[in-house]
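**Student:** let's see this in three dimensions:
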Amino acid sequence: MIKRKMQTKDMRIIHLDNKMSGLGDLPAPLTIMQRLRAAGVYISSPCGGQGICGKCRVRFLDEAPAPTEAEKRLLSQEDLARNVRLSCKCLYAGEALLDLGEEEDIVTEGLADEDECRTAIEGPEPADGKPGHLDNAKACRLDNRVELCSIAGDSTGKKLQENSPVLAGRAGPGREAYRIALDLGTTTLAAALLDSKTGKIIRTESSINHQRSYGADVISRIDAATRGQAGKLQEMILSDINALVKKLLPDSGASGLETASTHRTERIGEEDSSHRAEWAREEDSSHKEEWTGIEDISHKAEWAEEKDSSYRIENIGLVVSSYKDERAEKEENSHRAERIGEEDSSHRAGKGGSPQIIVSGNTTMQHLLEGLPCKGLGVAPYSPVDISLHPFQNMILLPGISTFVGADIVSGILSCGMDLGEDICLFVDLGTNGEIVLGNRDRLICASTAAGPAFEGGNISCGVAGIPGAIDRVDIIDHIVRYTSLGGRKPVGLCGTGVLEVTYELLKSGIMDETGLLSDPYFEKGFRITGDVIFRMEDIREVQLAKGAVRAGIETLIESYGIHYGNIQKLYLAGGFGKKLNIRKAAGIGLIPFELLERTEAVGNSSLKGAVEFAAGRIEAQRFIHVADFTEEISLGDHPSFQEQYFSYMNFPPITK
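**Tutor:** Numbering: from 1, shown residues only. Here you go, the predicted model:
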């Protein structure tokens, strides 16, 4: 159990005693991660505690146990000497004073501020087990409070305790009720608080999805759920949502989004980082030529290592299983839409009856939220329990298309208006599943490309989520590296935009060739951006796997639709990148076609925007259900040209100067 917990600006310190309370039937000896989880303390573990990523680090402030072989392999000698250990590998039963590092806090780079969000959403054109049934569900009143139940039950979610704790936030005297739109992401949660009368956004907030402690991707979460952790995963996501609700409500004292960043400079080649404290803060952080850091890489000799230049890219195959969701509920869903529509006609004005939180997430995240069995999501034929539009507690869960194309993509289609127009448009979500949609109101097709979490900072050696200190912009000009970090903080790693940008810059500068091979000075140790932020060969491979999958998916859908680039009027890029994504650099590494560059728009968090549109009453339930049923899923694994396209697009295109 945790005997003492203390939070400082730069670290979380806990005193872990040697009592085994809360550990259930776990056999001893236990890892530090198991003991922390039992005590309700979670740290990020992108590989799900398998001892692969090396990121679940803790530091013993007293004497540390001897390092394991995995720790010797994944941690530097300096870290080992500082008593840093991997919580997933460190077996320790005694008392320990641990430094867990700074709490992750997402910077909302994928969300616009409130004014921009209102403009985008309200403009004349689109800006960019326990199954529920409405006929037997109790409606939650929209009065002057927002309630979110923290539930407890068995792993199937069928048995909920009546005395579950409830968080109730008061709106304050004389204030109308609120609605909340929620994007339930694998990596992050993003939410918007709406005025129920006007449908306008009051504020937005976001946070880490602490299920990351069980792995960075949905496969890791499914595996954890089927191994008896479903209840814990449900508890964690409900706790995260509760925390967001507290931050959103006016009486919580929480402020809106903070998007300002400060900028600092430093030079590479100086191992002593003490000078970073002198980094200057600039008042105007929006100027495009201001940089967090400047690094001189002209002295390559100190990195020089002999290496066989005949190294070629490994032929890593992508296994895409065939899946097709046979939905048997279309008629029932149509009836549900009618019932929701009837109810909503009175509820939109805040007169009561409508569930208060609108949830848009991928299929796995929504299953974990409800406590539904996840086994069918991870094995063929990949059958979800319930992807219909239905209520859960005081929430409405938006409908999905299949196991791999969820409600977040349906929301994206609708927020971009693809289901209404004659123009054929392409929609690409640059998340873990790499979902792609192509079409118009007459025909919509979609696919999931299993891109992996590289574009969210996952599976990258120095990758992080969009937290303060994450490097999000990189330029290399005349051997000078310039970068910015979120919040102007000391760099801690690369978030998704940073990963994409450093890949492009290495290619542009000739440090990396078209096969993804780093030149000799950097081949062995990687390319140092600053401090401990180093981009390595294995990171480039992750980018190649991700971008090869996405681009091959795009080309396969275009071929399946029977059109060419000239027929596509707009390419929408969605996901956590938000509007900070440099579209030209995305095309430069071959992620998107150059032919569509001038027709590409980064639309940010389209999942949240779709949920906002539903919560505000601007998009009715029937449209959501229609799109979910109408959109045809293409199985890339069954398509004859996908594998060929995939291997072809793993290489980078020539840079045109």
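
**Student:** low pLDDT regions in the stretch 301-450 of the chain?
**Tutor:** Applying pLDDT under 70 to the stretch 301-450 of the chain picks out residues 301-355.

**Student:** please name the residues that touch residue 377.
**Tutor:** Contacts of residue 377 were listed using CB atoms under 8 Å, 6 or more residues apart in numbering, and they are 218, 222, 363-364, 367, 383-384, 403. The C-beta positions use only the backbone N, C-alpha and C, and glycine is treated the same way.

**Student:** same list (those) but as JSON lines, adding distance to residue 422, secondary structure and neighbour count.
**Tutor:** Output for those, formatted as JSON lines (distance: CB to CB, whole Å; DSSP: H, G, I helix; E, B strand; the rest coil; neighbours: other CB atoms under 10 Å):
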{"residue": "218", "distance to residue 422": "35", "secondary structure": "helix", "neighbour count": "27"}
{"residue": "222", "distance to residue 422": "39", "secondary structure": "helix", "neighbour count": "24"}
{"residue": "363", "distance to residue 422": "30", "secondary structure": "helix", "neighbour count": "28"}
{"residue": "364", "distance to residue 422": "34", "secondary structure": "helix", "neighbour count": "27"}
{"residue": "367", "distance to residue 422": "36", "secondary structure": "helix", "neighbour count": "31"}
{"residue": "383", "distance to residue 422": "35", "secondary structure": "coil", "neighbour count": "15"}
{"residue": "384", "distance to residue 422": "32", "secondary structure": "coil", "neighbour count": "22"}
{"residue": "403", "distance to residue 422": "31", "secondary structure": "coil", "neighbour count": "27"}
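
**Student:** farthest pair in these?
**Tutor:** Maximum pairwise distance among those (CB to CB): 15.1 Å, between 218 and 383.

**Student:** buried stuff in the helix or strand harbouring residue 359?
**Tutor:** Element membership of residue 359 [criterion: DSSP states H and E] is strand 357-361. Buried residues in strand 357-361, counted by 16 or more other CB atoms under 10 Å: 357-361.

**Student:** which residues in the stretch 501-650 of the chain form helices?
**Tutor:** If DSSP state H, counting those that start in this stretch is used as the criterion, the helices of the stretch 501-650 of the chain fall at 520-523, 537-561, 583-588, 606-615, 621-630, 642-650.

**Student:** out of the buried residues of strand 357-361, who's nearest residue 413?
**Tutor:** residue 360 (11.4 Å).

**Student:** how far away is that closest one from residue 649?
**Tutor:** 29 Å (CB to CB, to the nearest Å).

**Student:** looks to me like residue 442 is in a strand.
**Tutor:** No - assigned with DSSP: H, G, I helix; E, B strand; the rest coil, residue 442 falls outside any strand and is coil.

**Student:** what's the distance between it and residue 421?
**Tutor:** 10 Å.

**Student:** looking at these two, which one has more neighbours?
**Tutor:** Comparing residue 442 with residue 421 by neighbour count (other CB atoms under 10 Å), the higher total belongs to residue 421, at 16 against 10.

**Student:** my read: the more buried one touches residue 444, true?
**Tutor:** No - between residue 421 and residue 444 there is no contact under CB atoms under 8 Å: 11.4 Å.

**Student:** with distance to residue 463 added, can I get the buried residues of strand 357-361 in a markdown table?
**Tutor:** Output for the buried residues of strand 357-361, formatted as a markdown table (distance: CB to CB, whole Å):
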| residue | distance to residue 463 |
| --- | --- |
| 357 | 30 |
| 358 | 31 |
| 359 | 27 |
| 360 | 25 |
| 361 | 22 |
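
**Student:** still on that earlier bit, and the strand holding residue 359 with helix 621-630, angle?
**Tutor:** Between the axes of strand 357-361 and helix 621-630, defined by axes from the mean of the first three to the mean of the last three CA atoms, to 10 degrees, the angle is 20 degrees.

**Student:** which neighbours does strand 357-361 have in its sheet, and in what orientation?
**Tutor:** Take DSSP bridges as the rule and strand 357-361 pairs in its sheet with strand 178-184 (parallel), strand 395-397 (parallel).
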